[in-house]
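Trainee: Let's see this in three dimensions:
(one chain, ligands or ions: 1)
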Amino acid sequence: MVSRVIPVDPFDLVIFGGTGDLARRKILPGLYRRFLAGQMPEDARVIAAARSEMSDAEYRAMIREAIGEFVSKARQDKKAIEAFLKRLSYVAIDATGEDGWDRLKQATRRDVVQAFYFSVAPALFGPLAERLHNRGIACETCRIVVEKPFGHDLASAKALNATLAEHFHEGQIYRIDHYLGKETVQNLMAVRFGNMLFEPLWNAQYVDHIQITVAETVGVGGRGAYYDKSGAMRDMVQNHLMQLLCLIAMEPPAHFDPDAVRDEKLKVIRALDPVLPDEIVRGQYQARGKDPGYREDAENPASLTESFIALRLHVSNWRWKGTPFYLRTGKKLKARASEIAVVFKDPPHSIFGPQENRRGNVLAIKLQPNEGMTLRVTIKEPGPGGMRLVEVPLDMSFAEALGENGADIPDAYERLIMDVIRGNQTLFMRGDEVEAAWAWADPVIRGWEERGDRPCPYDAGTTGPEEAQILMHRDARRWREIRE
Ligand code: NAD
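Mentor: Residues are numbered from 1 along each chain as shown. Take a look at the predicted model:
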């Protein structure tokens, strides 16, 4: 299979917060990999803008180091790195003041694709948008990229949307959810809508339930103070898990175009039933030996913030009535593993008589660490001795199945940045989607706050609190194993 790199138009990409953690770890290394892949045209430029005073040479040295740290050794080609660095320049700027804006204006062109990446705290979105507009830097067709978190609740998300809308229209705003940039997530749409095999079965008649798991082994150490104000609901469920749920549950859009896809996702969020208190389990990891617990990591000995959530959701529409969706995410769990599992019902009648430990078909879509899919099917156990059934996986790792191209799967940020340059908003959240997700999450969070709800403790390295298992057992179901 020959790798296809679709060229993009010449561009100026301005990265506000170009010296920050996200820029150094993800954005610039991602751009370098796209450069290596031949996707950055000759006259594409990256202009980093941040608070510190530094020269172009100093900024390039910073990114040389970042590439050394965050790009795999196999991709580190000295000549290519130097050629890439020549595309970068740096402007010291004060987002809330007047310094640096004239220089930025001189450094940007208006006759190429213009993208402004706001890789800064959300409080700076307004001042940046205003200055880009008022100083005549942003052209009519420029694109604005904003990072998570998009709001802390419905009111703040609405306020952010309104701030951006003062200067830019919705077609210019790209709200990043990097989960949507993952290859497998897009493959979910390809599998559902590009095959005849699955879609006829994709409904409450044939699907017993759906599980979405995003498990992490890391704790919140290092960003505890930020996380403590957020928690798993705001940090993961309201955005990433909700987006995955939408792609699984949505109706087929009429076209693969941004608004058609986002309209269908929005309908799913609006069809969610309110969650009852006994349908959610909150957890908080506790100290074990020398390993600090959540409260030590968060430096808040009385914290009631959750580092784990498991919940059951119902999508009340014709397709899904009666098929629950179970979502689970947490920190310090036993393995780093994210997957979506569609668990099908058993056949209505077994012609083979009773079979012990029979389990139905499961389509598991793995998002990390290795992207791929497995379909669990039932076959005959080999050998004589009658008709005994056994389940085996039809396994497909994308890296293996796609050969050389598989190893070359762009990471989520690379893909999303290139989509911005192409002007394709399909994998970005629209303002009304974000607001609908907050409108669903807000009352749940408010309920906990009003009740002083205490998260259930769990040991690091496990699957989370016991109560999460009970949530499933009550419905005579069980969670899939969390494993890499
Ligand atoms: P950071 O603190 O490491 O970097 C912040 C950047 O903003 C720096 O470059 C700094 O110079 C610049 N800055 C701050 N105040 C400024 C001002 N007044 N004028 C101009 N520049 C200013 O932050 P980060 O971790 O890179 O995160 C950036 C954004 O991305 C945040 O909104 C964060 O929530 C989001 N985000 C970060 C990550 C991550 O892994 N780091 C992941 C997802 C989302």
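Trainee: Give me the number of neighbouring residues for the closest residue to Gly461 other than its chain neighbours.
Mentor: Of all residues not flanking Gly461 in the chain, Lys334 sits nearest, at 5.3 Å (CB to CB, 6 or more residues apart in numbering). C-beta: built from backbone N, CA, C; applies to glycine. For Lys334, the neighbour count with other CB atoms under 10 Å is 17.
Trainee: and what of Arg60?
Mentor: Residues near Arg60, counting by other CB under 10 Å, number 21.
Trainee: Then it would be within a helix, right?
Mentor: Yes: per DSSP: H, G, I helix; E, B strand; the rest coil, Arg60 lies within a helix segment.
Trainee: Show the model's pLDDT score for the closest residue to it other than its chain neighbours.
Mentor: Using CB to CB, 6+ apart and skipping residues adjacent in sequence, the residue nearest Arg60 is Leu85, 4.3 Å away. The confidence metric pLDDT takes the value 98 at Leu85.
Trainee: Chain neighbours aside, what residue packs nearest to the residue of the chain found nearest the ligand?
Mentor: Of the residues in the chain, the one nearest the ligand is Gly20, at a distance of 2.3 Å by CB to the nearest ligand atom. Leaving aside its sequence neighbours, Gly20 sits nearest to Ser119 (CB to CB, 6+ apart; 5.7 Å).
Trainee: Surely the one you found touches Lys148?
Mentor: No: Ser119 is beyond contact range of Lys148, at 10.9 Å (criterion: CB atoms under 8 Å).
Trainee: all helices of the stretch 51-200 of the chain, in order?
Mentor: Here the stretch 51-200 of the chain has its helices, by DSSP state H, counting those that start in this stretch, at 56-70, 78-85, 101-107, 125-134, 154-165, 183-194.
Trainee: any chance of the ones you listed in TSV, plus distance to the ligand?
Mentor: Listed next are the helices of the stretch 51-200 of the chain as TSV, based on distance: least, CB to the nearest ligand atom, whole Å:
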stretch	distance to the ligand
helix 56-70	10
helix 78-85	18
helix 101-107	11
helix 125-134	8
helix 154-165	11
helix 183-194	17
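Trainee: worst average pLDDT in these?
Mentor: helix 183-194 (a mean of 88).
Trainee: any idea what Thr329 is structurally, helix, strand or coil?
Mentor: strand.
Trainee: Kindly state the beta-bridge partners for it.
Mentor: Val214, Ile309 (DSSP bridges).
Trainee: Does it touch Leu241 like I think?
Mentor: Yes: with contact defined as CB under 8 Å, Thr329 counts as touching Leu241 (6.0 Å).
Trainee: Overlap in contacts, these two.
Mentor: Shared contacts of Thr329 and Leu241 (CB atoms under 8 Å, 6 or more residues apart in numbering): Val214.
Trainee: which parts of this structure sit against the ligand?
Mentor: Listed as neighbours of the ligand in the chain under the rule CB under 6 Å from any ligand atom: 17-23, 50-52, 93-96, 119-122, 124, 147-149.
Trainee: buried sites along stretch 24-39?
Mentor: 24, 26-36, 39 (16 or more other CB atoms under 10 Å).
Trainee: Tell me who's in contact with the residue nearest to Gly151 when sequence neighbours are not counted.
Mentor: What sits nearest to Gly151 in space, not counting adjacent residues and going by CB to CB, 6+ apart, is Ala157, at 2.9 Å. Contacts for Ala157 (CB under 8 Å, 6+ apart) come out as 150-151, 434-435, 438.
Trainee: same check, this time on Thr378
Mentor: By CB under 8 Å, 6+ apart, the contact set of Thr378 is 358, 361, 389-391.
Trainee: what about Asp177, distance to Ile81?
Mentor: Distance of Asp177 to Ile81, computed by CB to CB, to the nearest Å: 29 Å.
Trainee: the more surrounded of those two?
Mentor: Using other CB under 10 Å as the criterion, Asp177 and Ile81 rank with Asp177 on top: 22 against 19.
Trainee: quick one: the more buried one and Val146 touch, right?
Mentor: No: look at Asp177 against Val146 with CB under 8 Å: they stay out of range, at 10.7 Å.
Trainee: Quickly list the domain ranges of this structure.
Mentor: Domains of the chain are assigned by automatic domain parsing as 11-147, 180-410+430-473.
Trainee: Worst mean pLDDT among those domains?
Mentor: domain 180-410+430-473 (a mean of 91).
Trainee: quick one: terminal-to-terminal distance for it?
Mentor: Taking CA to CA, to the nearest Å, domain 180-410+430-473 runs 31 Å from one end to the other.
Trainee: likewise stretch 246-253?
Mentor: The first residue of stretch 246-253 is 12 Å away from its last residue (CA to CA).
Trainee: Contacts for the one helix or strand Gln469 maps to, please.
Mentor: Here Gln469 sits within helix 466-473, counting by DSSP states H and E. Helix 466-473 has contacts (CB under 8 Å, 6+ apart) with 279, 281, 283, 308, 310-312, 326, 328, 456, 458, 463, 478-479.
Trainee: Scan the residues you listed and report the most crowded one.
Mentor: Phe308 (31 neighbours).
Trainee: and that residue, what does it touch?
Mentor: The contact partners of Phe308, by CB under 8 Å, 6+ apart, come to 232, 281-285, 328-331, 333, 455, 458, 464-465, 468.
Trainee: And these, which is closest to Thr184?
Mentor: Thr329 (16.7 Å; CB to CB).
Trainee: How about the contacts made by the closest one?
Mentor: 213-216, 232, 236-237, 240-241, 308-309.
Trainee: Neighbour-wise, give me the winner out of these.
Mentor: Within the contacts of Thr329, neighbour counts (other CB under 10 Å) peak at Phe308, which reaches 31 neighbours.
Trainee: any idea how far Glu296 is from that residue?
Mentor: Taken as CB to CB, the span from Phe308 to Glu296 is 16 Å.
Trainee: and the residue nearest to the spatial centre of the chain, what does it touch?
Mentor: Nearest residue to the geometric centre of the chain (CA atoms, centre = their mean): Tyr179, 2.0 Å. Residues in contact with Tyr179 (CB under 8 Å, 6+ apart) are 185, 239-240, 243-244, 367, 412.
Trainee: 10 Å instead, please
Mentor: Neighbouring residues of Tyr179 by CB atoms under 10 Å, 6 or more residues apart in numbering: 148, 185, 214, 236, 239-244, 247, 338, 367-368, 412, 427.
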